[in-house]
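[1] Below are the sequence and a predicted model; questions follow.
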Amino acid sequence: VYSVISDVDSYCKFVPYCVESTVIRRDSRTDQPIRATLRVGWKAFEESFDSELQCDEPHSVVAQSHKHSLFKLLYTRWRISPLANKGYTKVVIDLKFAFANPIYNTVSASFAPTVTKIMIEAFEKRIAEM
């Protein structure tokens, strides 16, 4: 599960709306990604942004976007923990975002739950495939 979540280079292969995903810096000790660029698009809209990553294998992945004109805040934390004696893994995702434009915040409230569901399903499918 951790390997799929931390493989940011592959997001463009399975994450809906992700047009491009590139790790641009890795930790020299662990080879884990520490900075990445994502380009997301939907219909006529397309945006790129950089994120700082903190990867704590196999427990968590945190991504925080920096200096982006579209978002005041974009923060994601994946917490991964095996469930004892069940052969399953529990994944908790914390997603915090706020658009710089208050109108976008209002509009996003209506579609955010749907987009979140689509994203989670994409990761579940990718994990099952791997």
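    It's in.
[2] Going along the chain, name the strands of the protein.
    Assigned by DSSP state E, the strands in the chain fall at 18-26, 33-42, 45-56, 60-65, 71-83, 88-99.
[3] Same list (these) but as JSON lines, adding mean neighbour count.
    C-beta: built from backbone N, CA, C; applies to glycine. Formatted as JSON lines, these follow (neighbours: other C-beta atoms under 10 Å):
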{"stretch": "strand 18-26", "mean neighbour count": "15"}
{"stretch": "strand 33-42", "mean neighbour count": "17"}
{"stretch": "strand 45-56", "mean neighbour count": "16"}
{"stretch": "strand 60-65", "mean neighbour count": "18"}
{"stretch": "strand 71-83", "mean neighbour count": "15"}
{"stretch": "strand 88-99", "mean neighbour count": "13"}
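[4] Of all these, which one is nearest Glu124?
    Distance to Glu124, taken as C-beta to C-beta, is lowest for strand 88-99 among these, at 8.9 Å.
[5] Enumerate the beta-bridge partners assigned to the residue nearest the centre of the chain.
    Among the residues of the chain, the one closest to the centroid is Thr76, at 6.2 Å (C-alpha atoms, centre = their mean). Beta-bridge partners of Thr76, counted by DSSP bridges, are Ala63, Leu95.
[6] residue contacts, Thr89?
    Applying C-beta atoms under 8 Å, 6 or more residues apart in numbering, we find Thr89 in contact with Val1, Ile80, Ser81, Pro82, Leu83.
[7] what's the closest of these to Cys55?
    Out of the contacts of Thr89, the member with the shortest distance to Cys55 (by C-beta to C-beta) is Ile80, at 10.8 Å.
[8] Wait, that closest one touches Ile5, no?
    Yes. Between Ile80 and Ile5 a contact is recorded at 7.0 Å, counting by C-beta atoms under 8 Å.
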